[in-house]
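Enquirer: sequence-free structure coming up:
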Ligand code: 5GP
Ligand code: ZN
């Protein structure tokens, strides 16, 4: 199902042109218009899911398999030195387009990009408290 006014629904279903590098019945993979590095691509499901939590499990499994296949191809063809998978959920996490997408980011020794965070310094007790809260 598509959602009205969703740009990634329109791109994934070919209503708005994009530089596709892969397409099947369920997905389109496009080059990001604001790439972090050469070859940065986005896996888009053709159906609308706002984020990971809306994505059906079967679709989620296919996303990771596709990421592995295309990642291999990118590493090989672009002579990349490393590879980041990234996927943002919610504004607080940096999501700007609210249609699920997985970032595929080939990395190069000299690409001068930083996908980093400032490490915190929790105490043992703090870690234990968090562990209790979220243990599954
Ligand atoms: P987010 O921040 O939501 O995880 O990532 C959104 C990504 O989509 C950004 O990397 C941005 O450059 C990319 N993007 C936004 N609009 C378009 C578009 O119209 N076409 C393409 N190809 N990429 C887009
Ligand atoms: Zn959508």
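Expert: All right, it came through fine. Owing to the predicted nature of the structure, the values given are computational and were not obtained by experimental measurement. Numbering: from 1, shown residues only. Ligands and ions are numbered 1, 2, ... in the order given.

Enquirer: Excluding chain neighbours, what is closest to residue 111?
Expert: Of all residues not flanking residue 111 in the chain, residue 37 sits nearest, at 4.6 Å (Cβ to Cβ, 6 or more residues apart in numbering). Every C-beta, even on glycine, is put in place using the N, C-alpha and C of the backbone.

Enquirer: same check, this time on residue 46
Expert: With Cβ to Cβ, 6+ apart as the criterion, residue 46 has its nearest non-adjacent residue at 4.6 Å, and that residue is residue 12.

Enquirer: For that neighbour, which residues are in contact?
Expert: By Cβ atoms under 8 Å, 6 or more residues apart in numbering, the contact set of residue 12 is 27, 28, 44, 45, 46, 99.

Enquirer: Kindly report the same for residue 53.
Expert: residue 89.

Enquirer: Any idea how many residues pack against residue 23?
Expert: 14 (other Cβ atoms under 10 Å).

Enquirer: Report the beta-bridge partners for it.
Expert: Note on residue 23: beta-bridge partners by DSSP bridges are residue 28.

Enquirer: pretty sure it is touching residue 44, no?
Expert: No - contact criterion Cβ atoms under 8 Å: residue 23 and residue 44 do not qualify, at 9.9 Å.

Enquirer: what do these two both touch?
Expert: Shared contacts of residue 23 and residue 44, defined by Cβ under 8 Å, 6+ apart, are found at residue 29.

Enquirer: Mind putting the contacts of residue 12 into TSV with neighbour count and distance to ligand 2?
Expert: Formatted as TSV, those follow (neighbours: other Cβ atoms under 10 Å; distance: Cβ to the ion, whole Å):
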residue	neighbour count	distance to ligand 2
27	18	13
28	20	12
44	26	8
45	22	8
46	18	9
99	23	3
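
Enquirer: Give me every residue in the chain lying close to ligand 1.
Expert: 7, 18, 30, 32, 33, 34, 42, 88, 94, 95, 96, 97 (Cβ under 6 Å from any ligand atom).

Enquirer: now do 8 Å
Expert: Within reach of ligand 1 by Cβ under 8 Å from any ligand atom, the chain has these residues: 7-8, 11, 16, 18-19, 30-36, 40, 42, 86-88, 94-98, 101, 103.
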